[in-house]
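A.B. asks: what's the 3D shape of this:
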Amino acid sequence: MPPIDVMVILAVAVFAGTVIQGCVGLGLGLVAAPVMALVAPDLMPGGLLWLTLLLPLLTVGREWAEVDWWGLRWALLGRLPATAVGAWVVSVMSAEALGVAIGVVILLAVVLTARTFRLPMRPSVLVTAGVVSGISGTATSIGGPPLALVYQRELGPRVRATLGVYFVVGVAVSLTALGVVGELTMAQTMTAAWLAPLMVAGFAVSLVVRRRIDGDLLRVIVMVVCALSATTLIVRSLAG
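C.D. replies: Modelled structure (predicted):
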């Protein structure tokens, strides 16, 4: 287990990321991944993947009827085989290289979200989003942005529910793949277990917050924070 001061930092990051994800559909990985990679790189990506597996179960249970099963099957068709590539990337990367990769993925997500690209809801686009998500999600624990871009013009409940099921299935496969290549440790699992109550508390808070804070304003704030944290992570990782 990490030292108590590191656990406190991780707890704050997980709580904040969960509140944001509960409001806009993604955010746990974007907020917590750079923090975990900075203060406890040995816990990445498995430690955060355990949490991204548990959180969607809360969302799906509340908005199950809103899941887009048609789009989901195409996205998973791309994600599942791509997971093997992501697991291989983790097995050959150093901690510094993984830190740079996480930072770059976050910055790309920020740029794409800021530009608000219009992506058509068709099988080829969904499969491609699944492939990119499968690689980045397994290697860096950040797999939501590619699919979120496709669903960005859908209603909130539909986005949260569809991404929720996608995360549950996709992350479960990613964790299995990491275990097969020997990159899933007991320390990662135990740390996730200790942080899980903070995640549940963050989700409860998000139910209140999302009724009082404008979703667009919250998204802008999240993107700015993510960009700053990602840049810090990249600089620190390159400096060694």
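
A.B. asks: Residues in contact with the helix or strand containing Pro197: which ones?
C.D. replies: Pro197 is part of helix 186-209 when elements are defined by DSSP states H and E. Residues from elsewhere that reach helix 186-209 (C-beta atoms under 8 Å, 6 or more residues apart in numbering): 1-2, 7, 10-11, 14-23, 28, 40, 42-43, 46-48, 50-51, 54-55, 58-59. (Glycine included, C-beta is placed from N, CA and C.)

A.B. asks: Please list only the buried members of these.
C.D. replies: In terms of neighbour count (16 or more other C-beta atoms under 10 Å), the buried residues within these are 2, 7, 10-11, 14-23, 28, 40, 43, 46-48, 50-51, 54-55, 58-59.

A.B. asks: didn't Leu53 look like it was pressed against Val169?
C.D. replies: No: counting by C-beta atoms under 8 Å, Leu53 stays clear of Val169, with 9.6 Å between them.

A.B. asks: Which neighbours do those two have in common?
C.D. replies: Between them, Leu53 and Val169 share no contacting residue, judged by C-beta under 8 Å, 6+ apart.

A.B. asks: Could you list the low-confidence segments of the chain?
C.D. replies: For the chain, the stretches with pLDDT under 70 are 25-26, 113-118, 213-219, 221-223, 225-226, 229, 240.

A.B. asks: At which residues are the helices of it located?
C.D. replies: Under the criterion DSSP state H, the chain carries helices at the ranges 4-24, 28-39, 46-63, 69-92, 95-115, 123-140, 144-150, 156-180, 186-209, 215-239.

A.B. asks: hey, which of those helices is tucked in deepest?
C.D. replies: Stretch with highest mean neighbour count among the helices of the chain: helix 28-39 (a mean of 27; mean count of other C-beta atoms under 10 Å).

A.B. asks: Kindly export it (C-alpha atoms) in PDB.
C.D. replies: Output in PDB follows, covering the C-alpha atoms of helix 28-39 (Å, rounded to 0.1, in the frame of the first residue of the first chain):
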ATOM      1  CA  LEU A  28     -12.600   9.600 -13.400                       C
ATOM      2  CA  GLY A  29      -9.800   8.600 -15.600                       C
ATOM      3  CA  LEU A  30      -9.100  12.100 -16.900                       C
ATOM      4  CA  VAL A  31      -8.800  13.500 -13.400                       C
ATOM      5  CA  ALA A  32      -7.300  10.600 -11.500                       C
ATOM      6  CA  ALA A  33      -4.900   9.100 -14.000                       C
ATOM      7  CA  PRO A  34      -2.400  11.900 -14.100                       C
ATOM      8  CA  VAL A  35      -2.400  12.200 -10.400                       C
ATOM      9  CA  MET A  36      -1.900   8.500  -9.800                       C
ATOM     10  CA  ALA A  37       0.800   8.400 -12.500                       C
ATOM     11  CA  LEU A  38       2.600  11.200 -10.700                       C
ATOM     12  CA  VAL A  39       2.500  10.100  -7.100                       C
END
